[in-house]
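Student: Sequence first, predicted model second:
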Amino acid sequence: MKLKLHHINLSTENVGRMDAFYRDVMGLEPPVSGLPMLEKDKGYAGDVAFVWDGDIQLHLAQKDIHAGFNTGQIVNPVSRGHIAYRTDDIEAFKQHLRDRGIPFSDWENAAVEGWHQVFFYDPDGNVIEVHQVDGE
């Protein structure tokens, strides 16, 4: 079970303004491939912009304090944002969390088509995502 930093998600009230800032001021560009397909009918229908530095993506997501309620999940990844890692074995990672007594929300593919996502908190309450792309 490997983990690799994949993206940082920032929650915002104004996706367009944040997208312009990260493109114009920081010089980031839209990813050329690997963009997720959002599942806007499964509980989170917010706008999201994607930029990257060539290695790590930045997801600029419309803040939604109700996304957890709408999906029946405890952890809401778009209320304050999160940091995300990609794994090659989501089932092993979920067992890894269980073995350590760390509760998590298993969103499966409720937010992103083809991404099995779990979300949990670090000791200071920051949200962490670990996901696996179907077929990888």
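Tutor: That came in fine, so what should we check first?
Student: residues making contact with stretch 54-61?
Tutor: Stretch 54-61 has contacts (Cβ atoms under 8 Å, 6 or more residues apart in numbering) with 5-12, 15, 18-19, 22, 28, 31, 34, 46-52, 78, 81, 84. Every residue, glycine included, has its C-beta placed from N, CA and C.
Student: what's the longest strand in this structure?
Tutor: Longest strand in the chain by number of residues (criterion: DSSP state E): strand 3-12.
Student: buried sites along the following helix or strand past that one?
Tutor: Counting by DSSP states H and E, the element after strand 3-12 in chain order, helix or strand, is helix 15-24. Using 16 or more other Cβ atoms under 10 Å as the burial criterion, the residues of helix 15-24 that qualify are Val15, Met18, Asp19, Tyr22.
Student: so what does helix 15-24 touch, helix or strand wise?
Tutor: strand 48-52, strand 57-62 (3 or more Cβ pairs under 8 Å, 6 or more residues apart in numbering; DSSP states H and E).
Student: Can you tell me which of the ones you listed is most buried?
Tutor: The highest average neighbour count among those, using mean count of other Cβ atoms under 10 Å, belongs to strand 57-62 at a mean of 22.
Student: how about it as CSV, C-alpha atoms only?
Tutor: Once non-C-alpha atoms are left out, strand 57-62 reads as follows in CSV (Å, rounded to 0.1, in the frame of the first residue of the first chain):
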residue,chain,number,x,y,z
GLN,A,57,-3.1,19.5,-8.3
LEU,A,58,-4.9,22.2,-6.5
HIS,A,59,-8.7,21.7,-6.4
LEU,A,60,-10.6,24.9,-5.7
ALA,A,61,-14.0,23.7,-4.5
GLN,A,62,-17.1,25.7,-3.7
